[in-house]
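S.K.: Just a sequence and a predicted model for now, questions to come.
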Amino acid sequence: DVSKGELGFAAIPKKEEDFRNSVDLTITYAKALKCS
């Protein structure tokens, strides 16, 4: 949440699942847009 000063969460303890979910969503979008 950038409004709270958060710039990312990949290295924050206990945020691993949120990170994985965001990567999965990014891959879904990339496939839908036929990115390579």
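M.R.: Perfect, thanks for sending it. The structure presented is a predicted model; accordingly, all values stated were derived computationally and were not measured. Numbering: from 1, shown residues only.
S.K.: What ranges does this structure have for its helices?
M.R.: Per DSSP state H, the chain carries helices over the ranges 16-32.
S.K.: Give me the most central residue, it.
M.R.: Note on the chain: the residue nearest the mean C-alpha position is residue 22, at 2.8 Å, using C-alpha atoms, centre = their mean.
S.K.: Could you tell me the model confidence score at that residue?
M.R.: If you check residue 22, the pLDDT there is 93.
S.K.: Roughly how far does it sit from residue 29?
M.R.: Residue 22 is 11 Å from residue 29, where distance means C-beta to C-beta, to the nearest Å. Every C-beta, even on glycine, is put in place using the N, C-alpha and C of the backbone.
S.K.: Over to residue 12?
M.R.: To residue 29, residue 12 is 23 Å away according to C-beta to C-beta.
S.K.: Over to residue 7?
M.R.: For residue 7, the distance to residue 29 (C-beta to C-beta) stands at 21 Å.
S.K.: what do you get for residue 6?
M.R.: The spacing between residue 6 and residue 29, counted by C-beta to C-beta, is 21 Å.
S.K.: same deal with residue 15?
M.R.: From residue 15 over to residue 29 the distance is 20 Å, taken as C-beta to C-beta.
S.K.: ok, the two, which is more surrounded?
M.R.: Taking other C-beta atoms under 10 Å, residue 15 and residue 29 do not tie; residue 15 has more neighbours (14 against 9).
S.K.: what's the burial count for the nearest residue to the more buried one once chain neighbours are set aside?
M.R.: Spatially, and ignoring its direct neighbours in sequence, residue 15 is nearest to residue 9 (4.0 Å; C-beta to C-beta, 6 or more residues apart in numbering). By other C-beta under 10 Å, 14 other residues sit near residue 9.
S.K.: So residue 9 is in contact with residue 21, correct?
M.R.: No. Taking contacts as C-beta atoms under 8 Å, residue 9 lies outside contact range of residue 21: 10.5 Å.
S.K.: Can you pull the residues that touch both of those two?
M.R.: Overlap of the contact sets of residue 9 and residue 21 (by C-beta atoms under 8 Å, 6 or more residues apart in numbering) is empty.
S.K.: All set, thanks.
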